[in-house]
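>>> Okay, sequence plus prediction incoming.
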Amino acid sequence: MHSPRLPRIGTYSAWRDTARQLAMAGVPAHQVDWGLSDNPKSMFDRPLPSEQGQITVPASFADLTRSLIPERNGRGMTLAYTLLTRLQDTSGLLSNRADPHVAEARDIAKSVHRDLHKMHAFVRFREATPQHSQASQRRTFVSWFEPDHRIEEPVADFFVNRFGDMDWKIITPEVTVTYLDRSLTLKAVASSRPDLDDPLEQLWGTYYASIFNPARLKPNAMRAEMPRKYWKNLPEARLIPGLIAGARARTTAMQDANATTPSLHLARRVDQTPRRTPEAIVQTDLTRLSSGLSTCTRCPLHGPATQAVRGEGPTDAPLMIVGELPGDQEDISGRPFVGPAGQLFDRIAQQAGLNRKAAYVTNAVKHFKFIQRGKRRIHDRPAISEVDACRWWLERELLTVNPDLVLAMGAIALHALTGDGSRVLKRRGGTERTRDGRPLLVTLHPSCLLRLPESQARDRATEDFRNDLVHAVEMLRVRAG
Ligand code: URA
């Protein structure tokens, strides 16, 4: 039996390196007892068999294991290694949802994703009192959170992206995550809930109570979305029982009260407004967004372009595909990805089993940028300042569509979505997070394929691109459960 003991910080990469060595040495899953240790230096308690082999896994395996390793009881690590060994004989294993190991892995991945989502939503920072704060010029905040799984590492980038302009600590019972002067450190230290008090909390409570609408109260939905175990660390939760208890009386009072007469102007508008379904509300948000977009002057590109090209696709699409900027044909038609790059994308997407119509397709930059040469308009690369100016629209599209996965095609999209558009060739095929913490898959822009002069290189690059799209489809399947 091998008993690798992994560190609490850096668990995923330690698991990956150890699993690779064990699998190459042909060690079966039942001979490995995975665990964590404060003193992880001895990975193996006895030497590995010397025979070395090759191991191969599909790209989606890395994404799945990232969600399995943080599982609290260690079952995720065991299962990930079981899948790794089985994948050596059964290459399509991960697509077989009926397989008990695959099914269990998907359940665990779902539970870890849910925990990540809850931590994104329910971490509440309090401004640190001087004894908590460091000798830094920036304001310092502290938060306490008790995750179900060991997710402090995978979740950290989300908070760096969201709260990069302040110093903060997130303390959990096992790990302290510190962001100080733009540098992130994680330390495995046992902690108990610090005494957190914040003068702003009372203000937040007053605000929360004032936006609480008793007529729309759905306690069951509320408890499902915000389970009770999180309440003790949410300042607003102290108010909830009282607000629920008073809701009926407040609703009755609202019903009994005389209706206030709307102004003539408002009454006319209300009369003309059709009743809207939730889908229509989202649709309207996008419609409103695109009508704002059509008059956007945030950067100089609006001048020469024919029109802003808005995103298109279902408003609740699970996948958002982000390209760079419209080309000549997109500028004329007002629709994204209809020119040569779009047509190539459509062909490869179809081969990869990706239905473009089910995705929301948009661009990082909404106006065509070009250099006029005679009658021809030659595509020009947007400046970073133009990409940053246009990000305002992309972020609103992300909030409105709320996709499960974002596909970044090319450096411009990658910059807009992550803040770093470098090394696309190295990063392609990998999964990362958007600035606001959404899963993101990196790939090349399809126009790169059109530019490759040599047919062998083009075939290879096309194959890689197709594999990235297959990966996207598989990731969405895992997330959909
Ligand atoms: N290239 C892009 O990035 N977007 C389009 O809409 C067309 C070409």
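Good, I have the coordinates. It should be emphasised that the depicted structure is a prediction, and the values quoted were computed from it without experimental measurement. Residues are numbered from 1 along each chain as shown.
>>> which parts of the chain sit against the ligand?
323-327, 330, 336-337, 339, 341-342, 363, 447 (C-beta under 6 Å from any ligand atom). For every residue, glycine as well, the C-beta is placed using N, CA and C.
>>> Nearest residue to the residue in the chain positioned nearest to the ligand in space, please, no chain neighbours.
Closest residue of the chain to the ligand, C-beta to the nearest ligand atom: Gly323 (2.8 Å). Leaving aside its sequence neighbours, Gly323 sits nearest to Asn363 (C-beta to C-beta, 6 or more residues apart in numbering; 4.7 Å).
>>> Verify the contact between that neighbour and Ile321 for me.
No: in this structure, Asn363 is not within contact of Ile321 by C-beta atoms under 8 Å, at 9.5 Å.
>>> rewinding a little: neighbours around the residue of the chain closest to the ligand, how many?
Neighbour count of Gly323, defined by other C-beta atoms under 10 Å: 28.
>>> Flag the shaky bits of the stretch 1-150 of the chain, pLDDT-wise.
Along the stretch 1-150 of the chain, the model assigns pLDDT under 70 to residues 39-52, 129-138.
>>> Tell me where it has helices.
11-24, 59-68, 75-87, 100-122 (DSSP state H, counting those that start in this stretch).
>>> from what I can see Phe337 touches Phe345, true?
Yes: between Phe337 and Phe345 there is a contact under C-beta under 8 Å: 5.8 Å.
>>> Quick check: phi and psi on Val338?
Here is the backbone geometry of Val338 (degrees, to the nearest 10): phi -110, psi -10.
>>> Is it in contact with Ile332, as I believe?
No: if you go by C-beta under 8 Å, Val338 and Ile332 don't touch, sitting 9.2 Å apart.
>>> Need the residues touching each of these two.
Common neighbours of Val338 and Ile332, using C-beta atoms under 8 Å, 6 or more residues apart in numbering, do not exist here.
>>> residues touching Trp15, list them.
Leu6, Trp34, Thr65, Ile69, Met77, Ala80.
>>> Of those, which is the nearest to Arg460?
Thr65 (26.6 Å; C-beta to C-beta).
>>> Could you pull up the contacting residues of the residue lying closest to that closest one once chain neighbours are set aside?
Nearest in space to Thr65, with sequence neighbours left out and distances taken as C-beta to C-beta, 6+ apart, is Ala80 at 4.5 Å. Ala80 makes contact with Trp15, Ala19, Leu64, Thr65, Leu68, Ile69, Ala105, according to C-beta under 8 Å, 6+ apart.
>>> ok, how many other residues are close to the last one?
By the other C-beta under 10 Å criterion, the neighbourhood of Ala105 contains 25 residues.
>>> Could you do the fourth one as well?
Burial of Thr65 is recorded as 23 neighbouring residues (other C-beta under 10 Å).
>>> for the third one, same thing?
A total of 24 residues lie near Leu64 under the criterion other C-beta under 10 Å.
>>> Now do the contacts for it.
Ala80, Leu83, Leu94, Ala105, Ala109, Val478.
>>> please redo it, this time with the cut-off set to 6 Å
Ala109 (C-beta atoms under 6 Å, 6 or more residues apart in numbering).
>>> The one 10 residues further on now?
Taking C-beta under 6 Å, 6+ apart as the definition of contact, the neighbours of Gly74 are Trp34.
>>> Would you mind giving both backbone torsions of Ile171?
Taking degrees, to the nearest 10 as the convention, Ile171 sits at phi -100, psi 130.
>>> So it sits against Ser143, correct?
No: Ile171 lies out of contact with Ser143 (C-beta atoms under 6 Å); the separation is 7.1 Å.
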